[in-house]
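Engineer: Below is the sequence, then the predicted model.
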Amino acid sequence: MKLRTILWRSGRLRCPSCGEDKLFCGWMRMRPRCENCRLPFEREPGFYLGSIYINYGLTGLLLTAGYLTLYFTEAVSPDTALWICLAFCLIFPLWFFRYARSLWLGLDYYFDPNDDHRESRESGPIIG
């Protein structure tokens, strides 16, 4: 599958595998798995830690660019620019939370599409 397709599905908050089912059933709560293709969305503890890095990185990048733009263009006073950036820093990560998780799940699916999550989640641990 092409990266462009997976990124498109991630941007629409859909299953990276089939693109049919929604990832979230609330603002912050993910569905356990795709109802269409059975791809699990709930993974092992700590799986979505990478999505925090995506969210933090994009927030920092946009915040820095925005502040420098406001400061050097002198569109607003430095104090006002600081308040605008503070509001952005509080609101943007909350809004982008779902997209960062969706992107992280999509990237995982792209780089490891034949992962055994489906079988291991349904059959339980393998006892040797």
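Structural biologist: Great, that's in hand.

Engineer: and the most centrally placed residue in the chain, what helix or strand is that in?
Structural biologist: By C-alpha atoms, centre = their mean, the chain has its centre lying nearest to Ala100, at 1.6 Å. Ala100 belongs to helix 78-111 when assigned by DSSP states H and E.

Engineer: buried ones in that helix?
Structural biologist: By neighbour count on 16 or more other C-beta atoms under 10 Å, the buried set for helix 78-111 is 81, 84-85, 92, 96-110. C-betas here are computed from N, CA, C, even on glycine.

Engineer: How about stretch 55-64?
Structural biologist: Quick answer for stretch 55-64 (16+ other C-beta under 10 Å): Asn55, Leu58, Thr59, Leu63.

Engineer: And for it, what's in contact with it?
Structural biologist: Identification of contacts with stretch 55-64 by C-beta atoms under 8 Å, 6 or more residues apart in numbering yields Cys85, Phe88, Cys89, Phe92, Pro93, Phe96, Phe97, Ala100.

Engineer: per-residue pLDDT, the residue lying closest to Glu20 once chain neighbours are set aside?
Structural biologist: Counting by C-beta to C-beta, 6 or more residues apart in numbering, Asn36 is the residue found nearest to Glu20 once chain neighbours are left out, at 4.2 Å. pLDDT recorded at Asn36 is 90.

Engineer: so what's Asn36 up against?
Structural biologist: Contacts of Asn36 by C-beta under 8 Å, 6+ apart are Cys15, Cys18, Glu20, Asp21.

Engineer: Tell me which entries of those lie within strands.
Structural biologist: Among the contacts of Asn36, DSSP state E puts none in strands.

Engineer: from these, which two are the most distant?
Structural biologist: Farthest-apart pair in the contacts of Asn36 is Cys18 and Asp21; separation 7.1 Å (C-beta to C-beta).

Engineer: low-confidence ranges in the protein?
Structural biologist: Low-confidence segments of the chain, defined by pLDDT under 70, span residues 115-128.

Engineer: can you give me the helices for it?
Structural biologist: 3-11, 49-73, 78-111, 117-123 (DSSP state H).

Engineer: All good on my end, thank you.
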